[in-house]
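Following is a predicted model, sequence given first.
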Amino acid sequence: MSPRHLIWALALWPAGASASDWSLSLSGGIATVAGEGGQPFASATIYRYVGAGFVRAGATWFDGEGDPDVAEPLPAQTRQVTFGGGYQAGRILLDAYVTLGSRDFTPPGPDRTNGRIVRAETDGGLFTLGGSVTLDAPVGDRWLVAPFLSLSYSEVDTARTLVPQAGDPVIVKSRESGLTGIAGLSAERLWEGGSLGVYLAGAATSNRASINRQGSGLLAARTPQLIRAEDEKDGWVEYGLSGSIRLSDALTLDAALVRTAGFSRGETTSASAGIGIRF
């Protein structure tokens, strides 16, 4: 299997792109929960292709959604790095990754804490280990259908601000952990100048407060972001559109819009756009 088919299976490069040893993906966007609290995000990932395999390294930043309040999960700015790789055997693409990150929680202001200032440390961390299996299934010369299964285990620090009767407010941190699984399908129409695709998947998690999928190379990674939520099981459906425009042999623009249905915290919508550079 050629590196070009490998890229197609990941939905990273349009039809007609020639094989290359390296590519760089830069993207950004915003996610909303229940139509409120925009959560901007940005990422950069570099890929090195070797035969039918690849390795990748990337960094992601995203801001927390919503306003901080007392006794509620606090929003946080999150920075993370991801290292991963994969291999394609026949029509099957295997992908695995590990993610490490730090979180900087935003405490509530004095108007929420009876005029008292939060002085406690407001940092935390996260860890994610995940992988996916994708079937690369071209249909004719111009269609690519790619069913996939994805599973990740995440540990994410969360925090709340508590206000005692006397003294400064305190931040109580806890580590949420859980498994998130996704089964879905993407279908792309490919042409010389780009591609247009649709996406549909079902997802379930053992702990919605621990969801962290930004390390995955799949379109499914684009929603939801880290959600301020209670420790509860959840299940939902995701659907979306994606597209790319080939500007030159070395430059591609891409965009995606993904939304949930049935996510109990409130439906999440994620819109993103990016640029791919091949060299």
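Received, thanks.

Next secondary structure after the helix or strand hosting Y49?
Y49 belongs to strand 36-50 when assigned by DSSP states H and E. For strand 36-50, the succeeding helix or strand toward the C-terminus, using DSSP H and E, is strand 53-62.

For that next one, which outside residues touch it?
With Cβ atoms under 8 Å, 6 or more residues apart in numbering as the contact definition, strand 53-62 has outside contacts at 3, 6, 25, 31, 39-48, 77-88, 97, 101, 214-215, 217, 225-226. C-beta coordinates here come from the backbone N, C-alpha and C atoms, glycine included.

A209 should be in a strand, yeah?
No: per DSSP: H, G, I helix; E, B strand; the rest coil, A209 lies outside any strand segment and is helix.

where's it relative to D123, distance?
18 Å (Cβ to Cβ, to the nearest Å).

which of these two has more neighbours?
Neighbour count, other Cβ atoms under 10 Å: between A209 and D123, A209 has more, with 23 against 13.

Surely the more buried one is in contact with D234?
No: counting by Cβ atoms under 8 Å, D234 is not a contact partner of A209; they are 9.7 Å apart.

Need the pLDDT of the most centrally placed residue in the chain.
Note on the chain: the residue nearest the mean C-alpha position is Q214, at 2.6 Å, using Cα atoms, centre = their mean. For Q214, the model assigns a pLDDT of 74.

does it sit in a helix, a strand or a coil?
Following three-state DSSP, Q214 is assigned to coil.

name the helices or strands packed onto the strand or helix carrying R79?
Taking DSSP H and E as the criterion, R79 maps to strand 76-89. Contact partners of strand 76-89 among helices and strands, from 3 or more Cβ pairs under 8 Å, 6 or more residues apart in numbering; DSSP states H and E: helix 3-9, strand 53-62, strand 92-105, strand 123-135.

Single out the most deeply packed of those.
Sort the helices and strands packed on strand 76-89 by mean neighbour count, taking mean count of other Cβ atoms under 10 Å, and helix 3-9 sits at the top with a mean of 21.

quick revisit: compare the helices and strands packed on strand 76-89 and give me the one nearest R265.
Comparison of these against R265 by Cβ to Cβ identifies strand 53-62 as nearest, at 16.4 Å.

quick one: that closest one to strand 76-89, angle?
Orientation check (axes from the mean of the first three to the mean of the last three Cα atoms, to 10 degrees): strand 53-62 against strand 76-89 gives 170 degrees.

mind starting the numbering at 59 from now?
Right, with 59 as the first residue, what we last looked at is strand 111-120.

Direction included, what does strand 111-120 pair up with?
Sheet pairing here is set by DSSP bridges, and for strand 111-120 it gives strand 94-108 (antiparallel), strand 134-147 (antiparallel).

circling back: what's the nearest residue to the residue nearest to the centre of the chain if we skip its chain neighbours?
Spatially, and ignoring its direct neighbours in sequence, Q272 is nearest to T118 (4.8 Å; Cβ to Cβ, 6 or more residues apart in numbering).

How far does stretch 138-148 sit from its chain's centre?
15 Å (Cα atoms, centre = their mean, to the nearest Å).

Ok, stretch 165-173 next?
With Cα atoms, centre = their mean, you get 32 Å for stretch 165-173.

Residues contacting it, please?
Contact with stretch 165-173 is made by 125-128, 132, 174-176, 178, 180, 219, 221, 227, 229, as judged by Cβ under 8 Å, 6+ apart.

follow-up on the earlier one: reformat the helices and strands packed on strand 134-147 as CSV; add mean pLDDT and distance to L311.
Listed next are the helices and strands packed on strand 134-147 as CSV, based on pLDDT from 0 to 100; distance: least, Cβ to Cβ, whole Å:
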stretch, mean pLDDT, distance to L311
helix 61-67, 41, 15
strand 111-120, 93, 19
strand 150-163, 94, 23
strand 181-193, 94, 23
